[in-house]
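Student: Give me a model of this one.
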Amino acid sequence: MTEVLVEPDDTALELRQFVRDNPDVRHEDYRDADDPVREACYVLAEAYFHAMGGTDSGLDIYCLSWSDVDPDYEGTHWFLRDGDAVVDLSLPDPSAGETVPWGSATRRAFITGYEPSNRCERALNALDSDY
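Tutor: Numbering: from 1, shown residues only. Below you'll find the model as predicted:
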């Protein structure tokens, strides 16, 4: 079973709270959940990656295309890996990751490559510490 971390440290906690306080930071296609964290996988993964040092962080970026799991599914899910552990700040708790097919995801860069997107910059600027 894969270890899933949703709040591995204070930075993750701050980013999750930022998304809850600023739900508009989510992509416009994903603004329906009661808890905004549930629909903020991309911005949370991207912001955490950069806050932890970017390409020097030791974190790997992964994207799961749901259509690879089932042709009737749509969308993607972004998360990070720290060795064998999954770092997914968009899950409510680790048990929510028990049914995610982590092995179907592919390693890749973010849509903006290794430069923070505008939404990511907003989240990073809200952190108490420098990134």
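Student: For the residue nearest to the spatial centre of the chain, which non-adjacent residue is spatially closest?
Tutor: Centroid check for the chain by Cα atoms, centre = their mean gives residue 45 as the closest residue, at 2.8 Å. Counting by Cβ to Cβ, 6 or more residues apart in numbering, residue 78 is the residue found nearest to residue 45 once chain neighbours are left out, at 4.4 Å. For every residue, glycine as well, the C-beta is placed using N, CA and C.
Student: Tell me, how many residues neighbour the one you found?
Tutor: Using other Cβ atoms under 10 Å, residue 78 is surrounded by 22 other residues.
Student: phi, psi of it?
Tutor: With angles defined as degrees, to the nearest 10, residue 78 shows backbone torsions of phi -100, psi 140.
Student: And the residue nearest to the centre of the chain, how close does it get to residue 72?
Tutor: 25 Å (Cβ to Cβ, to the nearest Å).
Student: right, and residue 15 touches residue 125 too?
Tutor: No: Residue 15 is beyond contact range of residue 125, at 11.6 Å (criterion: Cβ atoms under 8 Å).
Student: For the two, indicate the residue with more neighbours.
Tutor: Neighbour totals were compared for residue 15 and residue 125, and residue 15 leads with 26 against 11 (other Cβ under 10 Å).
Student: part of a helix, is residue 34?
Tutor: No: according to DSSP: H, G, I helix; E, B strand; the rest coil, residue 34 belongs to no helix; its state is coil.
Student: And for it, the neighbour number?
Tutor: Neighbour tally, residue 34, other Cβ under 10 Å: 7.
Student: what about residue 86, distance to residue 127?
Tutor: 22 Å.
Student: between the two, which one's more packed in?
Tutor: Neighbour comparison, residue 86 and residue 127: the larger count goes to residue 86, with 21 against 16 (by other Cβ under 10 Å).
Student: Just give the nearest non-adjacent residue to the more buried one, would you?
Tutor: residue 4 (4.8 Å).
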